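[1] Sequence first, predicted coordinates after that:
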Amino acid sequence: MGAVKIVKATRLDPRFPLSRRELAAVCDTILDALDLVGRTFTLTLTDDRNIAAVNSAFLGCTGPTNVLSFPADDGDETAVRVDGDDLGELVLSVDTLARETELYGQEPIEHLARLLAHGILHLAGFDHGQAMFDLTDAAVDRVIMEAADRLN
């Protein structure tokens, strides 16, 4: 089994930059860059409507967001964990990804890597702060470097 299980819960925006295989490779690169090799997670690709519903139901927030993290170990010691290496689940809105890519003037792969690294760090127990920002930047740099190497 690969490090990421990808669930496609929407039609992908044509601006979505990667195939399923390429997306899995980006996730593997990020896990390696973050020293999380051997860990697994589920990535659900969805649209703004669905992520807004998840955002409301689980966080009480209104409207869509780019990525939501649901750690496998949410502090509930009575929860049965099937896989001790499972980090949890990320839910990513491909609509918001496309919109933010244009808004921030970033290449789609760069913004996707940033959202994924940020979400994975939340799954691994990190909160916002300088250490999280530095690790996110390092993971994004690694993804961009490997993408450039594949093109040359």
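    Nice, thanks for sending it over.

[2] How confident was the prediction at the most centrally placed residue in the chain?
    Residue closest to the mean C-alpha point of the chain, counted by Cα atoms, centre = their mean, is L116 at 2.7 Å. Note on L116: pLDDT of 97.

[3] for D76, same thing?
    51.

[4] so what does the strand or helix carrying L87 touch, helix or strand wise?
    Assigned by DSSP states H and E, L87 belongs to strand 86-93. Judged by 3 or more Cβ pairs under 8 Å, 6 or more residues apart in numbering; DSSP states H and E, strand 86-93 is in contact with strand 40-46, helix 48-59, strand 67-71, helix 108-123. No exception for glycine: its C-beta is placed from N, CA and C like everyone else's.

[5] residues near the closest residue in space to the residue nearest to the centre of the chain that isn't next to it in sequence, how many?
    Excluding the flanking residues, the one nearest L116 by Cβ to Cβ, 6 or more residues apart in numbering is I30, at 5.6 Å. Using other Cβ atoms under 10 Å, the number of residues around I30 comes to 28.

[6] before we move on, what about the one 10 residues further on?
    The number of residues packed near T40 is 18, by other Cβ under 10 Å.

[7] one step back: next, the buried residues of whichever helix or strand comes after the strand holding L87.
    Next in sequence after strand 86-93, counting helices and strands by DSSP H and E, comes helix 94-104. Buried residues in helix 94-104, counted by 16 or more other Cβ atoms under 10 Å: V94, D95, T96, L97, A98, R99, E100, T101.

[8] And helix 94-104, what does it pack against?
    By 3+ Cβ pairs under 8 Å, 6+ apart, helix 94-104 packs against helix 48-59, helix 108-123.

[9] what about the chain, any weak spots by pLDDT?
    Where the chain drops to pLDDT under 70, the residues are 1, 73-84, 151-152.

[10] Perfect, that will be all.
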